[in-house]
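Student: sequence first, then the predicted structure:
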Amino acid sequence: MADLAAMKRIIQAIAVWTIVFGMSDAAIASAIVFRFASDGGTGGNQWIVADGEITTATPDEFAAFLKANNVSVGARYEVYLNSPGGSLFAGVKFGEIIRNFGFGTRVASTVPIPDYGDGSFKFEMDGPGYCYSACSFAFLAGKWRIAADQTVGVHQHYTEEALKNVQAKAFMAVDISAQQIIAGILADYIVRMGVDARFLTRASMTGPAEIYKFSSDEMKKVFNNLGRSRILGLDS
């Protein structure tokens, strides 16, 4: 029987093109275009902006962005996530890169700071954001994590075909095996990220047309085990 690594390769090679973790109550967004932002502080504070939909191209584009900017493993950047979701497995692969580089994650948008001298916008700051569906898996990968109340949301993943018609009689016996493999890969991922299994429980019990949004108290219990997370800047 193939080991877990082999099953991952099979699923990532095939299912990544069809499995989505939909964008139920958020407007359809443009795909993420990665860039750096800075608040102009004396400490040279910079972060990576990830604002938009997670597509199947997102992980490769993120890797290319890091390479083009000579970002090394261990560089202390935060990835500012503001996304309605998108491709489930792309979200996981995006998260794997975040963890491999040792970045932190923050749920926030990036907004300009007016320069009251000449009216230009030279620097930026964090603003309200949200991280739903596939984005939530990328969020879990942060070596440290920051999110406000009810800004991280989950629900069931579906195929594109099922999202078009949830009543369609398109079930095949092989789907049982595929769903169990997917569940195993996701469980393996969240355990390696140091996250409680209740994360997947909430997702699996929430229909694709809904979003379950974690409260700050839940985040501390579900995301904060092993002391790897910070919620609103508070140490775990």
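Tutor: That came through fine. Numbering: from 1, shown residues only.
Student: any low-confidence regions in the chain?
Tutor: 1-28, 42-44, 115-121, 156-180, 224-236 (pLDDT under 70).
Student: burial count for residue 97?
Tutor: 18 (other Cβ atoms under 10 Å). The C-beta positions use only the backbone N, C-alpha and C, and glycine is treated the same way.
Student: wait, it touches residue 63, no?
Tutor: Yes. With contact defined as Cβ atoms under 8 Å, residue 97 reaches residue 63; the gap is 6.0 Å.
Student: residue 100: what's it in contact with?
Tutor: With contacts defined as Cβ atoms under 8 Å, 6 or more residues apart in numbering, the neighbours of residue 100 are residue 73.
Student: which SS class is it?
Tutor: Judged by DSSP: H, G, I helix; E, B strand; the rest coil, the three-state class of residue 100 is helix.
Student: what's the distance between it and residue 143?
Tutor: With the distance defined as Cβ to Cβ, to the nearest Å, residue 100 ends up 10 Å from residue 143.
Student: and if you look at residue 73?
Tutor: 11 Å.
Student: which of these two has more residues huddled nearby?
Tutor: residue 143 (18 against 9).
Student: now for residue 155, how many residues are close by?
Tutor: Quick note: residue 155 (other Cβ under 10 Å) scores 25 neighbours.
Student: from now on call the first residue 6
Tutor: Sure, I'll start counting at 6 from here, so that last one is residue 160.
Student: buried residues in stretch 207-218, which are they?
Tutor: 207-208, 211, 213, 216-218 (16 or more other Cβ atoms under 10 Å).
Student: can you redo the residues you listed as TSV with distance to residue 138 and secondary structure?
Tutor: Putting those into TSV (distance: Cβ to Cβ, whole Å; DSSP: H, G, I helix; E, B strand; the rest coil) gives the following:
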residue	distance to residue 138	secondary structure
207	12	helix
208	9	helix
211	10	coil
213	9	coil
216	7	coil
217	10	strand
218	11	strand
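Student: farthest-separated two in those residues?
Tutor: Maximum pairwise distance among those (Cβ to Cβ): 15.1 Å, between 213 and 218.
Student: grab the nearest non-local neighbour of residue 203.
Tutor: Counting by Cβ to Cβ, 6 or more residues apart in numbering, residue 227 is the residue found nearest to residue 203 once chain neighbours are left out, at 5.1 Å.
Student: ok, now which ones touch the one you found?
Tutor: Residue 227 is in contact with 200-201, 203-204, 207, 219, counting by Cβ under 8 Å, 6+ apart.
Student: can you tell me the closest non-neighbouring residue to residue 118?
Tutor: Closest to residue 118 by Cβ to Cβ, 6+ apart is residue 128, at 4.8 Å.
Student: residues contacting the one you found?
Tutor: Residue 128 neighbours (Cβ under 8 Å, 6+ apart): 43-45, 117-118, 120.
Student: measure it to residue 46 for me?
Tutor: Taking Cβ to Cβ, one finds residue 128 at 9 Å from residue 46.
Student: what do those two both touch?
Tutor: Joint contacts of residue 128 and residue 46 (Cβ under 8 Å, 6+ apart) do not exist.
Student: what about residue 46, neighbour count?
Tutor: The number of residues near residue 46, taken as other Cβ under 10 Å, comes to 9.
Student: oops, could you answer that again for residue 72 instead?
Tutor: Neighbour number of residue 72 under other Cβ under 10 Å is 9.
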